[in-house]
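J.: sequence first, predicted model second:
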Protein chains: 2
Amino acid sequence: MATPHRTSKSSSSSTTSGAARTYTIGELARHFGITSRTIRFYEQEGLLEPERRGQTRIYRDRERVRLKLTLRGKRLGFSLAEIREVVTLYDAMPDGDIQQLRRLMELLAEKRTEMQRRLEDIKLMQRELDDVENQCREALDTLLERH
Amino acid sequence: MATPHRTSKSSSSSTTSGAARTYTIGELARHFGITSRTIRFYEQEGLLEPERRGQTRIYRDRERVRLKLTLRGKRLGFSLAEIREVVTLYDAMPDGDIQQLRRLMELLAEKRTEMQRRLEDIKLMQRELDDVENQCREALDTLLERH
DNA sequence: GGTCAAGTTGACGTTGACGTCAAGTGAAGA
DNA sequence: TCTTCACTTGACGTCAACGTCAACTTGACC
C-alpha cells in the first residue's frame, strides 16, 4: 500500500542527493486520498504542470507542494480558479518584472484579508458551538437529575 | 429602495416590545447581499422554515439568525447538507429526548474538530502568505536598488 | 511472447448550488 | 379601475468539480 516503487527495481539512482525524488500519479493520489482523475483535472485547470516521460506524467516535489496547497485551499472553500491565480503567480516570480511583483503583492493582500475574515468566522462558529454545547449539558443534567 | 415597508402604512404596531420585527424575503436578500431565489432554495433544502401570511413568506429573527449561520457556514466551505444537520438539530432540542441530545453533542464534537483543522489550515496559509510576501519585498528591493 | 497492473486520452454523466425565465397573485397608490 | 411592484410557484438552464466508462499504450515480470 505504501511501497516506495521507484522508477525501476534498482531503486533511486537519480543524481546524487535524495532531493530529486519523483512520484507517479497513483502515489500522489493515494498519499492525498484523492483519485488520479482529480489530479489530471487539476492539471487541465492549470494548477499542476508535471513533466512527461513519453506519455506518463512524472511529479517532483514542486508539484507535490502545489497539490498540497491546492487541497488546503479547497478545504478553506476557495475555488480552483482562485487557487490557480495565487499558485501560478507564485512561481512566475523568477526575474519577474516589477509590474508582476506588484500585482502579486496586491493579490496577497486580498487573500490575507480573506483569511482574516474566515478566521473571524471560525471564531464565531466556535463560540456558537460552545454555547450550544453548554445548553446541551444543562438540558442533559436536568433530565438526568429527575432520575 | 430601502423603504421599511412594514405590513401596513400604519407602521410597526406588533405587540409591545420591538422584538417581534418581521422581514420580507427581499429585505433579507438585500441585507445579506444574496437573491430571493437563494433564500427560497435554502428553504426548499430545509434550512429555513418561515411562516406564511397567505402565500407570502414572513421571516422573524429566528430565520434571520439561521440565514446568517448558513451563510457563515458556506463561507467556511460547508455544504448545505452539513449546515442543515446542525441547524435543524439545533432547535429540535426543546424537550428533546436524551438520545437526540447525545447525538447533537456528537455532531458538535465533530464540527469542533473540523473547525480546529480549518484553523490550522488558515494559520499555515497565512504563514505561507507571509513567506511569499517577504520574498516579494526582497526581490522588489534588489530590483529597485539597481535603479 | 503473453499478460497484467497502472497510466493515458477523450467523451459523456452527475451532483450541488444556484440563475433565469414564464405566468400568475395581492395589495398600495394614482 | 388600472397600474405597478414585490412576491409566488414551477420548470428548465448553467457552471464547477469531479466520476465513470471505453479504448488504448507501456513497462515489468513469468
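T.: Looks like it came in fine. Numbers count the residues shown, from 1 in each chain, chains lettered A, B, ... in the order given.
J.: where does chain A come near chain B, residue by residue?
T.: Contact residues, chain A versus chain B (CB under 8 Å from any CB of the partner chain): A:69, A:72-77, A:90, A:93, A:96, A:98, A:101-102, A:104-105, A:108, A:111-112, A:115, A:117-119, A:121-122, A:124-126, A:128-129, A:132-133, A:135-136, A:139-140, A:143-144. In this view, the C-beta of every residue, glycine as well, is placed from N, C-alpha and C.
J.: how's chain A carved up into domains?
T.: Per automatic domain parsing, the structural domains of chain A span A:1-77, A:92-147.
J.: make JSON lines from the ones you listed and add mean neighbour count, distance to DNA strand D and mean pLDDT to it.
T.: Below are these laid out as JSON lines (neighbours: other CB atoms under 10 Å in any protein chain shown; distance: least, CB to the nearest atom of the strand, whole Å; pLDDT from 0 to 100):
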{"stretch": "domain A:1-77", "mean neighbour count": "14", "distance to DNA strand D": "4", "mean pLDDT": "79"}
{"stretch": "domain A:92-147", "mean neighbour count": "14", "distance to DNA strand D": "15", "mean pLDDT": "83"}
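J.: what are the ranges of the strands in chain A?
T.: A:51-53, A:56-58 (DSSP state E).
J.: just the residues contacting the first one, thanks.
T.: Spelled out, it's strand A:51-53. A:57-58, A:60 (CB atoms under 8 Å, 6 or more residues apart in numbering or on different chains).
J.: closest to B:Pro50 out of these?
T.: B:Pro50 lies nearest to A:Arg57 out of these, by CB to CB, at 51.5 Å.
J.: beta partners of that closest one?
T.: Following DSSP bridges, A:Arg57 is listed with bridge partners A:Arg52.
J.: that one: what's it in contact with?
T.: So A:Arg57 contacts A:24-25, A:43, A:50-51 (CB under 8 Å, 6+ apart).
J.: returning to that earlier point: and the domains of chain A as TSV, adding distance to DNA strand C?
T.: Output for those, formatted as TSV (distance: least, CB to the nearest atom of the strand, whole Å):
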stretch	distance to DNA strand C
domain A:1-77	3
domain A:92-147	15
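J.: redo the ones you listed as JSON lines? Include distance to B:Val86.
T.: Formatted as JSON lines, the domains of chain A follow (distance: least, CB to CB, whole Å):
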{"stretch": "domain A:1-77", "distance to B:Val86": "17"}
{"stretch": "domain A:92-147", "distance to B:Val86": "8"}
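J.: ignoring the adjacent residues along the chain, who's closest to A:Arg60?
T.: Distances taken as CB to CB, 6 or more residues apart in numbering or on different chains place A:Thr22 nearest to A:Arg60, at 5.7 Å, with adjacent residues excluded.
J.: you'd agree the one you found is up against A:Ile58?
T.: Yes. With contacts defined as CB atoms under 8 Å, A:Thr22 counts as touching A:Ile58 at a distance of 4.9 Å.
J.: now the lengthiest helix in chain A against helix B:98-145, angle please.
T.: Criterion DSSP state H: the longest helix present in chain A is helix A:98-145. Interaxial angle, helix A:98-145 versus helix B:98-145 (axes from the mean of the first three to the mean of the last three CA atoms, to 10 degrees): 160 degrees.
J.: tell me how far helix A:98-145 lies from the chain's centre.
T.: Relative to its chain's centre, helix A:98-145 lies at 19 Å (CA atoms, centre = their mean, to the nearest Å).
J.: could you pull up the contacting residues of A:Thr56?
T.: Here A:Thr56 is in contact with A:Thr24 (criterion: CB under 8 Å, 6+ apart).
J.: now swap in A:Glu82 and tell me
T.: So A:Glu82 contacts A:Gly73 (CB under 8 Å, 6+ apart).
J.: what's the pLDDT at it?
T.: Confidence at A:Glu82, expressed as pLDDT, is 90.
J.: measure it to chain B for me?
T.: Going from A:Glu82 to chain B by CB to the nearest CB, to the nearest Å gives 12 Å.
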